[in-house]
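Colleague: here you go, sequence then predicted model.
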Amino acid sequence: MYIYLPIAEQPIHSLAILSVGAFLGLIMGLVGVGGGFLLTPIMMFLGIPPPVAVASVANQLVAPSVSGVLSHWKRSNVDFKMGTVLLLGGVVGSSIGVLLFNFLGKIGQLDFVIKSSYVIFLTLIGTLMFSESLRLTLRTSRGKISRGKLHQHNWLHGLPFKIRFRKSKLYISILLPILIGVVVGILAALMGIGGGFIIVPAMIYLLGMPTSLVVGTSLFQIIFVAANTTILQASQNQTVDIVLATILLLGSVVGVQVGSRFTNILKGEYLRLILSSIIILVSLKLLIDLITVPSDLFSVIISR
Amino acid sequence: MNFFFHINLIFLVMTLTSNTFAQNQIVADLSQENVKISTDFQGAKILLFGAYDGEKGDDIIVIVTGPKGLVTVQKKEKIFGVWVNTKKVNYINAPKYLSISSNRKIEDILNKKTQKISEIGLNNFNIRIQPGIKVENEKQWRQALTRNMLKSKLWSVNENSVSLNKDALFRSFLKLPSNVITGQFEVKILHYRNSKLVSQQINSINVSKSGISAEIYDIAQNYSTLYGIFAVFLAILVGWGSNLIFRKV
């Protein structure tokens, strides 16, 4: 059944969008990350204009994040104090991101910046995830389990304004999570992502948070970053397609719930291996689009 | 529907005969003058039909022009191995929809010069480039505009799509693609005899959004912040609701 999208101004097959949403929700439920950064490129492959794709995906991300936080909260897996500090940075960052988005649109480089950021980040994260999960898979199959230190200390932990995060068992400078929040916020607004795939590794490797708290806390801050991005995109650029977002989010909330029920059955390492392969494939497709000679060097933008 | 068209046609022919073909005239009507873009819109097909005072060998050309406005053509160049948009040309009054239909090949109806003078043909339309920008190789940009508009199906040339009947009746289907822009469309029907314009008529089609899709668009434009807040609120509600539902499953 085709449905006309009022903001994207084109019809799209609603069942196709619903199943894309469900599939991405499933991945999110299984792995904890991976909503936006796959969804936005897929929307672009389906012919949704990049500005509308980015803004609408930010909108849809709110739903599975709320749903996810609620279930993590029940298991007491959310550090609200850390989440609040991160989201303060995130709100600032996403506001900068939307302004940047506006500016790039005006000078006609938005498509290029969105696509090349995807190539860079997807390749980076995909490769890291792939090698990490491959190592873990090999290690568990050999049956060796090693326990390292709680976390590594480095120069980042020497910054001033230290604050205690009781839940995460951390005593670190408040500047660090704020800075992470800002950077992730900018990328989130620019790329139509929650930023989970950047913030989760940052929380583990830069902040040294316990892994059990990472997903719940990142989802908590994603709600606010995505909400801020949505409202700003709507008011600044009028690019949020509520119909597209709603179909996507209906699919994704179901997918998330189904996925989170299977997490105990399927092995996390295998999942990450599969996910990272998908990520690498998507970034390859985008890279090929950027480097091969376009079939037409000219393109047309029709102002509405 | 078909029945009414026939009644209409008969009526048209009667009007014509009662005028005893005093002037060379053409009468036309459209099956639909208002196109509504609602949630199930997938494009529209409109029947243009009418009567003309014809002789053997007469030709009919139908030109539909949509709203005009800014259309930007961008050109990509290779920089450090990647293809980036580097140059652009703004066309300030380009038709955002254009279809040229005829009963046979336009080059057989009119010679190149006449086509150019009467602005018939995709490259013969007078479209202005934003002043103040120096454009090199203007022809290449105009061709790129035409090529891309054709690809998007917003521009089209449909030769042999006007059917003539007994030198008195004509009909043609006008197709509006699903990505059509809203606004006023001008339908110009031109009747040629030996490459000379005998008569013409102008009809119009109004394309607008309607129903829920129109309301969403209006709200997004006019109450944009409120729209954003509502979109977020809706997402929170669905997220929270799904959690409640699935907790019990």
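Modeller: Nice, thanks for sending it over. What you see is a predicted model; the values in this text were computed from it and never measured. Residues are numbered from 1 along each chain as shown, chains lettered A, B, ... in the order given.

Colleague: which residue packs closest to residue 178, ignoring adjacent ones?
Modeller: Defaulting to chain A. Leaving out its chain neighbours, the residue that sits closest to residue A:178 by Cβ to Cβ, 6 or more residues apart in numbering or on different chains is residue A:89, at 4.0 Å. To be clear about C-beta, it is placed using only N, CA and C from the backbone, and glycine gets the same treatment.

Colleague: um, chain B though
Modeller: residue B:43 (4.3 Å).

Colleague: hmm, the one you found is touching residue B:174, no?
Modeller: No - Residue B:43 is not in contact with residue B:174 according to Cβ atoms under 8 Å; the separation is 11.0 Å.

Colleague: please identify which of those two sits among more neighbours.
Modeller: For residue B:43 and residue B:174, the more surrounded residue by other Cβ atoms under 10 Å in any protein chain shown is residue B:174, and the numbers stand at 22 against 14.

Colleague: can you give me the pLDDT of the residue nearest to residue B:178?
Modeller: For residue B:43, the model assigns a pLDDT of 91.

Colleague: also residue A:203?
Modeller: pLDDT at residue A:203 comes out at 84.

Colleague: same check on the one 3 residues further on?
Modeller: Reading off the per-residue confidence, residue A:206 sits at a pLDDT of 81.

Colleague: I'd guessed it sits against residue A:175; true?
Modeller: No - between residue A:206 and residue A:175 there is no contact under Cβ under 8 Å: 11.9 Å.

Colleague: strands of chain B, start to end?
Modeller: B:26-30, B:34-37, B:44-52, B:59-65, B:68-79, B:82-95, B:98-102, B:155-158, B:162-165, B:169-176, B:183-193, B:196-209 (DSSP state E).

Colleague: average model confidence for the second one?
Modeller: Predicted confidence along strand B:34-37 averages 93 (mean pLDDT).

Colleague: repeat that for the fifth one.
Modeller: Strand B:68-79 shows a mean pLDDT of 92 in the predicted model.

Colleague: residues making contact with that strand?
Modeller: A:108, A:293-294, A:297-303, B:83-96, B:141, B:144-145, B:148-149 (Cβ atoms under 8 Å, 6 or more residues apart in numbering or on different chains).

Colleague: enumerate the residues of the stretch 201-304 of chain A near chain B.
Modeller: Proximity of the stretch 201-304 of chain A to chain B, by Cβ under 8 Å from any Cβ of the partner chain, involves residues A:223, A:226-227, A:230-236, A:238, A:240, A:242-243, A:245-246, A:249-250, A:253-254, A:256-257, A:290-294, A:296-304.

Colleague: show the buried residues in the residues you listed.
Modeller: A:223, A:226-227, A:230-236, A:238, A:240, A:242-243, A:245-246, A:249-250, A:253-254, A:256-257, A:290, A:297-302 (16 or more other Cβ atoms under 10 Å in any protein chain shown).

Colleague: for residue B:129, see how far away the residue nearest to residue B:178 is.
Modeller: Distance from residue B:43 to residue B:129, counting by Cβ to Cβ, to the nearest Å: 30 Å.

Colleague: how about residue B:28?
Modeller: Going from residue B:28 to residue B:129 by Cβ to Cβ gives 34 Å.

Colleague: and the two? Which one has more around it.
Modeller: The neighbour count for residue B:28 versus residue B:129, taken as other Cβ under 10 Å, is higher for residue B:28 (22 against 18).

Colleague: got the domain ranges for chain B?
Modeller: The record's domain split for chain B, according to automatic domain parsing, is B:2-209, B:210-249.

Colleague: check the offset of the longest one from the chain's centre.
Modeller: So the one you mean is domain B:2-209. 6 Å (Cα atoms, centre = their mean, to the nearest Å).

Colleague: same question, stretch A:195-212
Modeller: 13 Å.

Colleague: between strand B:82-95 and the host helix or strand of residue A:119, find me the angle.
Modeller: Secondary structure from DSSP states H and E places residue A:119 in helix A:110-142. Per axes from the mean of the first three to the mean of the last three Cα atoms, to 10 degrees, the angle that helix A:110-142 makes with strand B:82-95 is 140 degrees.

Colleague: do you know how far the residue nearest to residue A:178 is from residue B:227?
Modeller: Distance from residue A:89 to residue B:227, by Cβ to Cβ: 26 Å.

Colleague: then residue A:73?
Modeller: Residue A:73 is 29 Å from residue B:227, by Cβ to Cβ.

Colleague: those two: which is more packed in?
Modeller: Per other Cβ under 10 Å, whichever of residue A:73 and residue B:227 has more neighbours is residue B:227, with 23 against 15.

Colleague: mind listing which of the residues of the stretch 201-304 of chain A next to chain B are in strands?
Modeller: Members of these lying in strands (criterion: DSSP E): A:298-302.

Colleague: ok, now which ones touch residue A:213?
Modeller: Taking Cβ under 8 Å, 6+ apart, one finds A:77-79, A:82, A:167-168 in contact with residue A:213.

Colleague: report the central residue of chain B.
Modeller: residue B:97 (3.6 Å; Cα atoms, centre = their mean).

Colleague: can you pull the pLDDT of that one?
Modeller: Residue-level pLDDT assigned to residue B:97 equals 95.

Colleague: residue A:74 too?
Modeller: pLDDT recorded at residue A:74 is 85.

Colleague: who's in contact with it?
Modeller: Neighbours of residue A:74 in contact, by Cβ under 8 Å, 6+ apart: none.

Colleague: now it: phi and psi?
Modeller: When read as degrees, to the nearest 10, the backbone of residue A:74 gives phi -60, psi -40.

Colleague: nearest residue to residue A:25 in space, please, no chain neighbours.
Modeller: Here the residue nearest residue A:25, using Cβ to Cβ, 6+ apart, is residue A:255, at 2.3 Å.

Colleague: same thing with residue B:225?
Modeller: Using Cβ to Cβ, 6+ apart, the closest residue to residue B:225 is residue A:235 (4.2 Å).

Colleague: contacts only, for the residue of the stretch 151-300 of chain A found nearest chain B.
Modeller: Among the residues of the stretch 151-300 of chain A, residue A:234 lies closest to chain B, at 2.9 Å counting by Cβ to the nearest Cβ. Each residue near residue A:234 by Cβ under 8 Å, 6+ apart is listed here: A:55, A:240, B:220, B:224-225, B:227-228, B:231.

Colleague: could you identify the most distant pair in the residues you listed?
Modeller: Farthest apart among the contacts of residue A:234 by Cβ to Cβ are A:55 and B:225. That separation is 13.7 Å.

Colleague: and these two? Which one has more around it.
Modeller: residue A:55 (31 against 12).

Colleague: isn't the more buried one right up against residue A:235?
Modeller: No - with contact defined as Cβ under 8 Å, residue A:55 does not reach residue A:235; the gap is 10.9 Å.
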